[in-house]
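Engineer: Sequence isn't available, so here's the structure alone:
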């Protein structure tokens with residue numbers, strides 16, 4: 001499977017992006033490029049054909065999940081010597097309002113999960129975690145198999161679950 005997105009570049013028309021959620025819009029407009037330069041996160045955009053208009057974007061970065069935050073049924077299967085386990089943070093995922101209800105969110109999510117799965121082949125990565133911005137985002141991730149982490153508000157999907165999509 002080829003990736004649909006590409007890394008954010010200075011040619012992309014970031015200022016025109018509007019998903020309707022100021023926190024996500026402002027991040028792309030003002031911070032994403034700086035975070036990429038500083039290697040704090042990677043930002044990937046889905047463009048509208050050959051134009052530089054952005055249909056949607058997502059960010060990925062390294063993270064970890066505390067064993068204490070995992071459901072007990074999973075935590076007991078992991079070595080207790082680890083206080084936290086490696087994960088990828090899908091920090092942001094947003095679709096421009098002009099492209100809503102076209103399946104772009106699902107395409108971006110699959111693209112992000114494929115990138116995470118590929119990373120997991122060469123770097124220890126137990127899961128992908130998200131921190132949903134609101135109930136709408138929580139419903140979106142739940143629909144694709146993400147599970148709420150107790151007492152944290154974050155959600156995760158295990159890499160072994162993701163692997164089933166791509167093997």
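Structural biologist: Alright, I've got the coordinates. Worth saying up front: this structure is predicted, and the values here are computed from it rather than measured. Numbering: from 1, shown residues only.

Engineer: Work out the gap between the least confident helix or strand in the chain by mean pLDDT and the centre of the chain.
Structural biologist: The weakest-scoring helix or strand in the chain, judged by mean pLDDT, DSSP states H and E, is helix 72-75 (a mean of 71). Centroid displacement of helix 72-75 relative to its chain, using Cα atoms, centre = their mean, to the nearest Å, is 23 Å.

Engineer: center of the chain - which residue?
Structural biologist: Among the residues of the chain, the one closest to the centroid is residue 90, at 2.4 Å (Cα atoms, centre = their mean).

Engineer: And the helix or strand harbouring it, what does it pack against?
Structural biologist: Per DSSP states H and E: residue 90 is located in strand 84-95. If you count contacts as 3 or more Cβ pairs under 8 Å, 6 or more residues apart in numbering; DSSP states H and E, strand 84-95 packs onto helix 22-26, strand 54-66, helix 104-120, strand 127-130. In short, each C-beta sits where N, CA and C put it, glycine included.

Engineer: Now do the buried residues in the longest one.
Structural biologist: Using 16 or more other Cβ atoms under 10 Å as the test for burial, helix 104-120 gives 104-105, 107-117, 119-120.

Engineer: now do stretch 136-145
Structural biologist: Going by 16+ other Cβ under 10 Å, stretch 136-145 has these buried residues: 137-138, 140-141.
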